[in-house]
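Student: give me the fold of what follows.
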Amino acid sequence: MATSSRRPESGLPTNRAEAFSDGVFAVAITLLVFNIAVPEVHRGGLHQALLNEWPAYASYAVSFLTIGIIWVNHHATMARIERVDRPFLFINLLLLMSVSFIPFPTNLLSHYIQSGPDARVAAVVYASTMTVMSLAFSGIWIYAVRRGLLHQKRVNTQAARSTIPRFGAGMVVYGLSIVLAFFSPIGSLALFAFLAIFYIFDQQASAEVSISEADTANP
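Tutor: Residues are numbered from 1 along each chain as shown. Sure thing, here's the model as predicted:
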(Lines give C-alpha, C1' and ligand atoms only; values in the text may rest on other atoms or scores of the structure.)
Protein backbone atom coordinates (compact mmCIF):
# COMPACT_ATOMS: atom_id res chain seq x y z
CA MET A 1 0.00 0.00 0.00
CA ALA A 2 2.91 2.31 -0.86
CA THR A 3 0.77 4.95 -2.52
CA SER A 4 2.98 7.87 -1.43
CA SER A 5 5.51 7.14 -4.20
CA ARG A 6 2.86 6.60 -6.87
CA ARG A 7 3.06 8.94 -9.85
CA PRO A 8 0.20 11.46 -9.79
CA GLU A 9 -2.38 10.89 -12.50
CA SER A 10 -3.05 14.62 -12.71
CA GLY A 11 -1.32 17.77 -11.72
CA LEU A 12 -0.09 21.11 -12.91
CA PRO A 13 2.86 21.81 -15.21
CA THR A 14 5.91 23.29 -13.53
CA ASN A 15 6.44 26.27 -15.84
CA ARG A 16 4.27 28.77 -13.95
CA ALA A 17 5.71 27.77 -10.58
CA GLU A 18 9.24 28.19 -11.98
CA ALA A 19 8.48 31.57 -13.56
CA PHE A 20 6.89 32.93 -10.39
CA SER A 21 9.74 31.60 -8.27
CA ASP A 22 12.37 33.16 -10.55
CA GLY A 23 10.64 36.52 -10.19
CA VAL A 24 10.69 36.34 -6.39
CA PHE A 25 14.34 35.29 -6.35
CA ALA A 26 15.25 38.18 -8.65
CA VAL A 27 13.46 40.76 -6.49
CA ALA A 28 14.88 39.41 -3.22
CA ILE A 29 18.46 39.30 -4.44
CA THR A 30 18.16 42.83 -5.88
CA LEU A 31 16.77 44.28 -2.65
CA LEU A 32 19.91 43.20 -0.79
CA VAL A 33 22.03 45.95 -2.33
CA PHE A 34 19.75 48.64 -0.92
CA ASN A 35 20.99 47.69 2.54
CA ILE A 36 24.37 49.20 1.67
CA ALA A 37 24.18 52.96 2.19
CA VAL A 38 26.63 55.59 0.99
CA PRO A 39 28.28 57.01 4.14
CA GLU A 40 28.19 60.74 4.81
CA VAL A 41 31.60 61.88 6.09
CA HIS A 42 33.80 64.91 6.41
CA ARG A 43 36.46 65.53 3.80
CA GLY A 44 39.14 62.83 3.94
CA GLY A 45 37.12 60.42 6.04
CA LEU A 46 35.59 58.28 3.30
CA HIS A 47 38.25 55.56 3.43
CA GLN A 48 37.69 54.82 7.10
CA ALA A 49 33.94 55.14 6.74
CA LEU A 50 33.92 52.52 3.98
CA LEU A 51 36.01 50.19 6.14
CA ASN A 52 33.58 50.65 9.01
CA GLU A 53 30.79 49.39 6.77
CA TRP A 54 32.25 45.86 6.66
CA PRO A 55 29.19 44.29 8.38
CA ALA A 56 27.01 45.52 5.51
CA TYR A 57 29.39 44.08 2.92
CA ALA A 58 29.74 40.75 4.75
CA SER A 59 26.02 40.24 5.34
CA TYR A 60 25.28 41.27 1.75
CA ALA A 61 27.80 38.79 0.34
CA VAL A 62 26.55 35.90 2.48
CA SER A 63 22.89 36.60 1.73
CA PHE A 64 23.55 37.12 -1.98
CA LEU A 65 25.41 33.82 -2.21
CA THR A 66 22.73 32.05 -0.21
CA ILE A 67 19.85 33.30 -2.36
CA GLY A 68 21.86 32.62 -5.51
CA ILE A 69 22.60 29.05 -4.49
CA ILE A 70 18.96 28.51 -3.50
CA TRP A 71 17.95 29.68 -6.97
CA VAL A 72 20.48 27.36 -8.66
CA ASN A 73 19.34 24.38 -6.57
CA HIS A 74 15.69 25.28 -7.02
CA HIS A 75 16.23 25.30 -10.78
CA ALA A 76 17.93 21.89 -10.60
CA THR A 77 15.11 20.53 -8.44
CA MET A 78 12.36 21.76 -10.74
CA ALA A 79 14.17 20.23 -13.72
CA ARG A 80 13.68 16.83 -12.06
CA ILE A 81 9.99 17.37 -11.30
CA GLU A 82 7.41 16.48 -13.94
CA ARG A 83 4.25 17.96 -12.47
CA VAL A 84 3.24 19.75 -9.27
CA ASP A 85 0.13 19.75 -7.09
CA ARG A 86 -1.43 22.23 -4.65
CA PRO A 87 0.47 21.07 -1.53
CA PHE A 88 3.72 21.35 -3.45
CA LEU A 89 2.85 24.90 -4.52
CA PHE A 90 2.14 25.91 -0.93
CA ILE A 91 5.46 24.47 0.25
CA ASN A 92 7.13 26.40 -2.57
CA LEU A 93 5.32 29.55 -1.41
CA LEU A 94 6.77 29.03 2.08
CA LEU A 95 10.22 28.88 0.53
CA LEU A 96 9.59 32.06 -1.46
CA MET A 97 8.22 33.82 1.62
CA SER A 98 11.42 33.08 3.53
CA VAL A 99 13.62 34.06 0.58
CA SER A 100 11.83 37.38 0.07
CA PHE A 101 12.20 38.08 3.82
CA ILE A 102 16.00 37.61 3.80
CA PRO A 103 16.80 41.28 2.96
CA PHE A 104 15.25 42.38 6.27
CA PRO A 105 17.38 40.25 8.65
CA THR A 106 20.37 40.98 6.42
CA ASN A 107 19.87 44.70 7.04
CA LEU A 108 19.21 44.04 10.71
CA LEU A 109 22.42 42.06 11.12
CA SER A 110 24.53 44.62 9.25
CA HIS A 111 23.36 47.35 11.63
CA TYR A 112 23.57 45.48 14.93
CA ILE A 113 26.23 42.80 14.58
CA GLN A 114 28.60 44.89 16.74
CA SER A 115 25.99 46.03 19.26
CA GLY A 116 26.32 43.59 22.15
CA PRO A 117 22.99 42.04 23.22
CA ASP A 118 21.25 43.49 20.17
CA ALA A 119 23.76 41.67 17.99
CA ARG A 120 22.51 38.35 19.36
CA VAL A 121 18.90 39.28 18.66
CA ALA A 122 19.73 40.29 15.09
CA ALA A 123 21.76 37.11 14.54
CA VAL A 124 18.95 34.91 15.89
CA VAL A 125 16.45 36.57 13.53
CA TYR A 126 18.84 36.03 10.63
CA ALA A 127 19.54 32.40 11.58
CA SER A 128 15.85 31.68 12.12
CA THR A 129 15.01 33.03 8.67
CA MET A 130 17.69 30.86 7.10
CA THR A 131 16.43 27.84 9.03
CA VAL A 132 12.87 28.33 7.79
CA MET A 133 14.25 28.66 4.27
CA SER A 134 16.16 25.39 4.71
CA LEU A 135 13.08 23.59 6.05
CA ALA A 136 10.95 24.79 3.14
CA PHE A 137 13.52 23.88 0.50
CA SER A 138 14.02 20.44 2.04
CA GLY A 139 10.26 20.04 2.21
CA ILE A 140 9.95 20.68 -1.52
CA TRP A 141 12.35 17.88 -2.39
CA ILE A 142 11.09 15.42 0.22
CA TYR A 143 7.47 15.96 -0.78
CA ALA A 144 8.25 15.63 -4.49
CA VAL A 145 10.13 12.37 -3.93
CA ARG A 146 7.52 10.80 -1.68
CA ARG A 147 4.55 11.98 -3.72
CA GLY A 148 6.02 10.65 -6.95
CA LEU A 149 6.25 13.99 -8.75
CA LEU A 150 9.68 13.31 -10.26
CA HIS A 151 10.37 12.61 -13.92
CA GLN A 152 10.42 8.84 -14.20
CA LYS A 153 12.68 8.94 -17.27
CA ARG A 154 15.10 11.57 -15.98
CA VAL A 155 15.51 10.66 -12.34
CA ASN A 156 16.79 7.61 -10.52
CA THR A 157 14.01 7.36 -7.92
CA GLN A 158 15.96 5.11 -5.58
CA ALA A 159 18.94 7.48 -5.63
CA ALA A 160 16.59 10.41 -5.09
CA ARG A 161 15.22 8.76 -1.95
CA SER A 162 18.75 8.21 -0.68
CA THR A 163 19.40 11.97 -0.73
CA ILE A 164 16.68 12.71 1.83
CA PRO A 165 19.01 12.15 4.84
CA ARG A 166 21.37 14.76 3.34
CA PHE A 167 18.58 17.31 3.54
CA GLY A 168 17.90 16.27 7.11
CA ALA A 169 21.54 16.86 8.03
CA GLY A 170 21.40 20.30 6.45
CA MET A 171 18.32 21.21 8.47
CA VAL A 172 20.11 20.18 11.67
CA VAL A 173 23.06 22.44 10.86
CA TYR A 174 20.76 25.37 10.15
CA GLY A 175 18.94 24.71 13.40
CA LEU A 176 22.23 24.71 15.31
CA SER A 177 23.05 28.07 13.76
CA ILE A 178 20.29 29.59 15.90
CA VAL A 179 22.05 28.31 19.02
CA LEU A 180 25.39 29.66 17.77
CA ALA A 181 23.78 33.06 17.13
CA PHE A 182 23.11 33.42 20.87
CA PHE A 183 26.81 33.09 21.67
CA SER A 184 28.59 34.50 18.60
CA PRO A 185 26.74 36.60 16.02
CA ILE A 186 29.87 36.94 13.91
CA GLY A 187 30.48 33.20 14.17
CA SER A 188 26.91 32.59 13.03
CA LEU A 189 27.44 34.75 9.94
CA ALA A 190 30.70 32.91 9.26
CA LEU A 191 28.83 29.59 9.46
CA PHE A 192 26.38 30.73 6.80
CA ALA A 193 29.30 31.83 4.63
CA PHE A 194 30.77 28.33 5.02
CA LEU A 195 27.45 26.70 4.16
CA ALA A 196 27.11 28.89 1.06
CA ILE A 197 30.58 27.91 -0.14
CA PHE A 198 29.93 24.26 0.70
CA TYR A 199 26.74 24.12 -1.36
CA ILE A 200 28.50 25.80 -4.29
CA PHE A 201 30.87 22.85 -4.58
CA ASP A 202 28.56 20.09 -3.34
CA GLN A 203 27.34 18.49 -6.56
CA GLN A 204 27.03 14.91 -5.34
CA ALA A 205 23.34 15.05 -4.45
CA SER A 206 22.44 16.52 -7.83
CA ALA A 207 24.59 14.16 -9.84
CA GLU A 208 23.52 10.96 -8.20
CA VAL A 209 19.80 11.33 -8.88
CA SER A 210 20.13 11.96 -12.61
CA ILE A 211 19.75 9.06 -15.02
CA SER A 212 22.40 8.99 -17.68
CA GLU A 213 21.67 10.06 -21.26
CA ALA A 214 22.20 6.47 -22.35
CA ASP A 215 19.43 5.38 -20.02
CA THR A 216 17.01 8.08 -21.14
CA ALA A 217 17.64 7.18 -24.76
CA ASN A 218 16.23 3.72 -24.11
CA PRO A 219 13.10 4.18 -21.97
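
Student: I'd like the distance between Thr66 and Ala169.
Tutor: According to C-beta to C-beta, to the nearest Å, Thr66 and Ala169 sit 17 Å apart. Just so you know, the C-beta spots here come from the backbone N, C-alpha and C atoms, and that holds for glycine as well.

Student: more crowded one of the two?
Tutor: Each of Thr66 and Ala169 has its neighbours counted (other C-beta atoms under 10 Å); Thr66 has more, 23 against 10.

Student: and the strands in the chain?
Tutor: Counting by DSSP state E, the chain has these strands, from start to end: 12-13, 83-84.

Student: pick out the shakiest of the ones you listed, pLDDT-wise.
Tutor: Here the strands of the chain differ in mean pLDDT, and the lowest is strand 12-13 at a mean of 80.

Student: got a list of contacts for that strand?
Tutor: Arg83, Val84, Asp85, Leu89 (C-beta atoms under 8 Å, 6 or more residues apart in numbering).

Student: the last one reaches Arg16, doesn't it?
Tutor: This points to Leu89. No - with contact defined as C-beta atoms under 8 Å, Leu89 does not count as touching Arg16 (9.2 Å).

Student: picking up where we left off before, go through the contacts of strand 12-13 and name the one nearest His151.
Tutor: Nearest to His151 among the contacts of strand 12-13: Arg83, at 9.3 Å, using C-beta to C-beta.

Student: let me know how buried that closest one is, in neighbour terms.
Tutor: 19.

Student: kindly report the same for Pro165.
Tutor: With other C-beta under 10 Å as criterion, Pro165 counts 9.

Student: these two touch, right, Gly170 and Leu135?
Tutor: No - judged on C-beta under 8 Å, Gly170 makes no contact with Leu135 at a distance of 9.7 Å.

Student: which of the strands of the chain sits closest to Asn52?
Tutor: Nearest to Asn52 among these is strand 83-84; the distance by C-beta to C-beta comes to 46.5 Å.
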